[in-house]
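Trainee: Requesting a structural model of the entry that follows:
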Amino acid sequence: MGLDLGPESFFDLEGLDSCGEVSRLFREFFEVRYVWEVLGGRLEGFLGTLVEGCRIHSLVPEGVHLLGDRIYIGEEVVLEPGVVIQAPAWVGRGVVLRSHAYVRGCSLLMEGSLVGHATEVKGSVLLPGAQAPHFNYVGDSVLGRGVNLGAGCVLSNLKNLSSSEVILRIEGREFATGLRKFGSILGDGVKTGCNSVLHPGVLMGRGGVVYPNVSLRKGYYPPGSLVKLRQVLEVELVRGDG
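Mentor: Down below sits the predicted model:
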């Protein structure tokens, strides 16, 4: 039995939405062979099907900016002043967008997820309960249920030295993702520490933990992985002459 890199290996996909037709669309969206195939053009096309015009079911207070005419905001969504949402975007029931959160185009925020202060989400999917709460960048990524990003954690989505697609090498096999911009796939329950940086093309299985300040290179990290940064600290006591 080989390595399974499909969405169901990373995420619990049951009950993504209680509305019949929308539930069917969500199930179809995740019917891909490799989990990263939901990003890019597929996500853009899915939002084009899901969002027609502006459908707003929550209070939009003064100081919140909606850019474009393909934005869905569900019931019981919390929008704090300074939030910017750019179309196309789906903001599900009970999502919390804190002050100065920036939701860029092609973002799908499912029920109960959270985008915090000064956090930017672009071209990404947050499954129910996923949290990017403090000073995060989430680019072209998928965050599973209950994922929590530590303050300042960055999910980088573009290589500085090359504009070519991201190629993954996993267990001796090579996978051409077809994506030039590709951040991270974080399975259900993954936690990342403060100021960690995940380079383009990180896949982490369910329950993984990344310690603070880790710089994590692309590749596959199995479920339950614990990634630490070992440091040697030197402490000197400096005394004056007096």
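Trainee: Would you check that my belief about residue 25 contacting residue 46 is correct?
Mentor: Yes: counting by CB atoms under 8 Å, residue 46 is a contact partner of residue 25 at 7.4 Å. Quick note: C-beta positions are derived from backbone N, CA and C, even for glycine.
Trainee: So between those two, which is more surrounded?
Mentor: Ranked by neighbour count (other CB atoms under 10 Å), residue 25 and residue 46 place residue 46 first, with 21 against 15.
Trainee: Tell me which helix or strand comes right after the helix or strand that contains the more buried one.
Mentor: When elements are defined using DSSP states H and E, residue 46 is found to belong to helix 41-50. Next along the chain after helix 41-50, taking DSSP H and E as the criterion, comes strand 55-56.
Trainee: tell me the average confidence for that next one?
Mentor: Averaging pLDDT along strand 55-56 yields 94.
Trainee: How far does that strand sit from its chain's centre?
Mentor: Here strand 55-56 is found 23 Å from its chain centre; the criterion is CA atoms, centre = their mean, to the nearest Å.
Trainee: mind listing what that strand pairs with, with the direction of each?
Mentor: The pairing partners recorded for strand 55-56 under DSSP bridges are strand 71-73 (parallel).
Trainee: Any chance you could list what contacts the partner strand?
Mentor: 50-51, 54-58, 60, 79, 85, 87-91 (CB atoms under 8 Å, 6 or more residues apart in numbering).
Trainee: can you pick the most crowded of those residues?
Mentor: residue 91 (29 neighbours).
Trainee: okay, that residue: pLDDT?
Mentor: 96.
Trainee: the bottom helix or strand of this structure by mean pLDDT?
Mentor: Of all helical and strand segments in the chain, the minimum by mean pLDDT, DSSP states H and E falls on helix 20-29, at a mean of 81.
Trainee: So which elements touch that helix?
Mentor: Helix 20-29 sits against helix 41-50, with contacts defined as 3 or more CB pairs under 8 Å, 6 or more residues apart in numbering; DSSP states H and E.
Trainee: Check which residues of the helix it packs on are buried.
Mentor: In terms of neighbour count (16 or more other CB atoms under 10 Å), helix 41-50 has its buried residues at 43, 46-47, 50.
Trainee: tell me which of those residues is nearest to residue 154?
Mentor: Residue 154 lies nearest to residue 43 out of those, by CB to CB, at 20.1 Å.
Trainee: Surely the closest one is in contact with residue 106?
Mentor: Yes: using CB under 8 Å, residue 43 is in contact with residue 106, at 5.5 Å.
Trainee: what is in contact with the two at once?
Mentor: residue 123.
Trainee: Just the CA trace of stretch 190-198, in PDB.
Mentor: In PDB, the C-alpha atoms belonging to stretch 190-198 read as follows (Å, rounded to 0.1, in the frame of the first residue of the first chain):
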ATOM      1  CA  VAL A 190      -1.200  20.900  13.100                       C
ATOM      2  CA  LYS A 191       0.300  23.500  15.400                       C
ATOM      3  CA  THR A 192       3.200  25.900  14.400                       C
ATOM      4  CA  GLY A 193       5.300  27.900  16.800                       C
ATOM      5  CA  CYS A 194       5.800  31.700  16.800                       C
ATOM      6  CA  ASN A 195       8.000  33.100  14.000                       C
ATOM      7  CA  SER A 196       8.300  29.800  12.200                       C
ATOM      8  CA  VAL A 197       8.600  30.000   8.400                       C
ATOM      9  CA  LEU A 198       7.300  27.200   6.200                       C
END
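Trainee: List the buried residues in it.
Mentor: For stretch 190-198, by 16+ other CB under 10 Å, it's 190-193, 196-198.
Trainee: residues in contact with it?
Mentor: Residues from elsewhere that reach stretch 190-198, judged by CB under 8 Å, 6+ apart: 143-144, 147-156, 183-184, 186, 204, 206-216.
Trainee: Nothing else from me, thank you.
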